[in-house]
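Asker: The sequence isn't on hand, but the structure is:
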């Protein structure tokens, strides 16, 4: 990678032409063998089977990640996961990604190439292509990444937010509160002054709850296979938990015209796991209101399939209750920050 | 529209919740009747016929538009055109758009709703849906819009950049240099201190070359129908002119392994039209190197179809020549700004 000139400071985007930069990036973005046209043309062409599931999500440096804690690799994994989880939440399989990078021209070329390489590796591991993208210059300090994901339903109907019915089982696939707990640990520990310091803490006890929460906050993995699995098992409604169980649960409840009745006993193991890390009050808050988890929330007419665990029951009414007590839809709001 | 509170200053994004804002935006983004799922779920579902053409492009306030000159309507039209032109350049018809808005929380709600309304109207006029989007908060002063467009080839093969062959005719559909000339007029006229001042100048002589160039810079329209028409007529290569005829022509020549031989006589009418507005030297430079035009450049094995005009011939070699003289691929570079 031409990330550093032989006799000077690291190269910045402003030091290379757009065509030179694209020539360095595209090798990381091989089209899937099935795709007729990959990156490098005006548009890409992706094979589908009659309909395409599509979602888009933006990430902003300083808001969605901090360079102090997150490497380009972490940012790429997070960008992939938050979009692929939206595709999975419809019951679909991600087929292809597109990415726009809007960057301060002083951004190091090495950052962009590291991001592109990790995005390509992540896509290859998960079985989809990076079909294209766009580069734009931004004001000083700004770095915005916008990803669009395309998915395939494999002939199934999409699972929407609106199909939950009273009597359905409420279930979750994946962790709860790990991203929020990881963020609390990062924020409260003055030793985390660099990505290297964070990685040392993770490597010291990689299977411990602290390491798992830190890693999940920085580079979350979602139970992507459980989306199509839930669809095959007859899920009536589904969404990914990006803004917190209560806030997203309230959205699902509103779309379906029902009440989601959560049970604290069913969430106790999730809370207990975090108590040693952040204390009992914050552990419960992480599980109920922690965002950016990208686990899946769904409702089923019967017992949930393998890989899912029951957390409550759908009832008549509206909103979300915990042991029958109505819960405010607190959680992450992008503009109010509340 | 809840763009102004009854007794206070204009509402900002920070004054409304994300869910309230989405409830104001979504009515402008009706799904196409054919689409199984529109905006408001984790992802949208768009009907296709076996493959989907997809492209993405970002716009940054202060770089891609200035609020002094551009209304939210202008920005919406520009965002639609630059993406739909990429789809047209593959020979496809745009079916659906997604948009991410990454905005300073101090951004007026009225700006966002005006943008959303115009995006929805533009999509309706052109026959495609706005299938979804994403809202994120950004640092102060920042507003980034990223649009993804999905298109349909109608069973045809995509027209790539790589198919031009020596002997083909080089042709253009749409104007040349109007956006660049419009920008020169805006930059050089101290009276253009507001969108209202610019619109008065346009309205004073709406069919004049100044008005047409100003309007094309602020809210460009592309000859979208000519993309599929060129594909049906057997175009061997095609792209949209977003970074200038010379720079984009050099890209097409490189992808095809040929030389594009432009002829000044064939471009004389385009240059002449701009001379009164910007002078002879800058008129020629606008036509050859002006970006953001979103007209279409294509090569044909025979005479181009109706709606296209011949501007040269494909030859052996590389790069772009004008009357046989090699031309540097000057034009807009996103990071170098050269």
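Answerer: Thanks, I have it. None of these values were measured; they are calculated from a predicted model.

Asker: Please count neighbours and contacts with C-alpha atoms only from this point.
Answerer: OK.

Asker: where do the helices sit along the stretch 101-250 of chain A?
Answerer: With DSSP state H, counting those that start in this stretch, the ranges of helices along the stretch 101-250 of chain A come out as A:109-126, A:178-188, A:195-204, A:209-218, A:226-232, A:245-256.

Asker: and the last one, does that touch chain B?
Answerer: No: counting by CA under 8 Å from any CA of the partner chain, chain B is not contacted by helix A:245-256; separation bottoms out at 8.9 Å.

Asker: Rounded mean pLDDT for that helix, please.
Answerer: Averaging pLDDT along helix A:245-256 gives 96.

Asker: Which neighbouring elements make contact with it?
Answerer: strand A:237-240, strand A:259-262, helix A:280-289, strand A:320-322 (3 or more CA pairs under 8 Å, 6 or more residues apart in numbering or on different chains; DSSP states H and E).

Asker: Now with 7 Å, please.
Answerer: Applying 3 or more CA pairs under 7 Å, 6 or more residues apart in numbering or on different chains; DSSP states H and E, one finds that helix A:245-256 makes contact with strand A:259-262, helix A:280-289, strand A:320-322.

Asker: got these as CSV, with distance to residue A:271, mean neighbour count and mean pLDDT columns?
Answerer: CSV is the format used below for the helices and strands packed on helix A:245-256 (distance: least, CA to CA, whole Å; neighbours: other CA atoms under 10 Å in any protein chain shown; pLDDT from 0 to 100):
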stretch, distance to residue A:271, mean neighbour count, mean pLDDT
strand A:259-262, 14, 28, 98
helix A:280-289, 5, 21, 95
strand A:320-322, 14, 22, 97
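
Asker: which one of the ones you listed lies closest to residue B:194?
Answerer: helix A:280-289 (44.4 Å; CA to CA).

Asker: What ranges does the stretch 1-150 of chain A have for its strands?
Answerer: A:44-47, A:51-60, A:93-103, A:129-137, A:143-152 (DSSP state E, counting those that start in this stretch).

Asker: Make JSON lines from the ones you listed and add mean neighbour count, mean pLDDT and distance to residue B:125 to it.
Answerer: As requested, the strands of the stretch 1-150 of chain A are exported to JSON lines (neighbours: other CA atoms under 10 Å in any protein chain shown; pLDDT from 0 to 100; distance: least, CA to CA, whole Å):
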{"stretch": "strand A:44-47", "mean neighbour count": "26", "mean pLDDT": "80", "distance to residue B:125": "25"}
{"stretch": "strand A:51-60", "mean neighbour count": "27", "mean pLDDT": "91", "distance to residue B:125": "22"}
{"stretch": "strand A:93-103", "mean neighbour count": "25", "mean pLDDT": "92", "distance to residue B:125": "26"}
{"stretch": "strand A:129-137", "mean neighbour count": "25", "mean pLDDT": "86", "distance to residue B:125": "26"}
{"stretch": "strand A:143-152", "mean neighbour count": "27", "mean pLDDT": "93", "distance to residue B:125": "24"}
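
Asker: Nearest residue to residue A:141 in space, please, no chain neighbours.
Answerer: Nearest residue to residue A:141, sequence neighbours excluded (CA to CA, 6 or more residues apart in numbering or on different chains): residue A:104, at 5.8 Å.

Asker: I'd like the strands of the stretch 1-150 of chain A written out as a markdown table, with distance to chain B added.
Answerer: Shown next, in a markdown table, are the strands of the stretch 1-150 of chain A (distance: least, CA to the nearest CA, whole Å):
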| stretch | distance to chain B |
| --- | --- |
| strand A:44-47 | 4 |
| strand A:51-60 | 4 |
| strand A:93-103 | 7 |
| strand A:129-137 | 5 |
| strand A:143-152 | 7 |
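
Asker: Any chance of a markdown table for those strands, columns distance to residue A:252?
Answerer: Shown next, in a markdown table, are the strands of the stretch 1-150 of chain A (distance: least, CA to CA, whole Å):
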| stretch | distance to residue A:252 |
| --- | --- |
| strand A:44-47 | 31 |
| strand A:51-60 | 18 |
| strand A:93-103 | 21 |
| strand A:129-137 | 30 |
| strand A:143-152 | 21 |
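
Asker: among those strands, which is nearest residue B:140?
Answerer: So among the strands of the stretch 1-150 of chain A, strand A:51-60 is nearest, using CA to CA, at 12.2 Å.

Asker: where does chain A have low pLDDT?
Answerer: For chain A, the stretches flagged by pLDDT under 70 are A:1-9, A:30-36, A:331-338.

Asker: Can you pull up the most central residue in it?
Answerer: Residue closest to the average C-alpha location in chain A (CA atoms, centre = their mean): residue A:82, at 2.3 Å.

Asker: residues from the stretch 1-150 of chain A in reach of chain B?
Answerer: A:13-14, A:17-18, A:41-58, A:60, A:86-87, A:89-90, A:98, A:100, A:105, A:132-134, A:136-138, A:146 (CA under 7 Å from any CA of the partner chain).

Asker: and the end-to-end length of stretch A:225-237?
Answerer: End-to-end distance of stretch A:225-237: 16 Å, with CA to CA, to the nearest Å as the criterion.

Asker: Next one: that stretch, is it in contact with chain B?
Answerer: No: counting by CA under 7 Å from any CA, no contacts exist between stretch A:225-237 and chain B, the nearest distance being 10.5 Å.

Asker: circling back: with distance to chain B added, can I get the helices and strands packed on helix A:245-256 in a markdown table?
Answerer: Converted to a markdown table, these look like this (distance: least, CA to the nearest CA, whole Å):
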| stretch | distance to chain B |
| --- | --- |
| strand A:259-262 | 18 |
| helix A:280-289 | 16 |
| strand A:320-322 | 16 |
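
Asker: With respect to residue A:68, which of these lies nearest?
Answerer: Using CA to CA, the nearest of the helices and strands packed on helix A:245-256 to residue A:68 is helix A:280-289, at 22.7 Å.

Asker: Just confirm yes or no for the following helix or strand past that closest one near chain B.
Answerer: Counting by DSSP states H and E, the next helix or strand C-terminal to helix A:280-289 is strand A:296-300. No: using CA under 7 Å from any CA, we find that strand A:296-300 stays clear of chain B, coming within 11.1 Å at best.

Asker: gap between strand A:296-300 and the chain center?
Answerer: Using CA atoms, centre = their mean, to the nearest Å, the mean C-alpha position of strand A:296-300 is found 17 Å from that of the whole chain.

Asker: Counting by contacts, list what that strand packs against.
Answerer: Contacts defined by 3+ CA pairs under 7 Å, 6+ apart place strand A:296-300 against strand A:169-173, strand A:237-240.

Asker: Pairing partners for the first one, with directions?
Answerer: In the sheet containing strand A:169-173, the strands it pairs with under DSSP bridges are strand A:296-300 (antiparallel), strand A:309-315 (antiparallel).

Asker: and if you look at the last one?
Answerer: Sheet neighbours of strand A:237-240, with direction, are listed as strand A:296-300 (antiparallel) (DSSP bridges).

Asker: okay, the angle between the strand it pairs with and helix A:245-256?
Answerer: 40 degrees (axes from the mean of the first three to the mean of the last three CA atoms, to 10 degrees).

Asker: Pull the residues that contact strand A:296-300.
Answerer: A:89, A:164, A:168-174, A:234-241 (CA atoms under 7 Å, 6 or more residues apart in numbering or on different chains).
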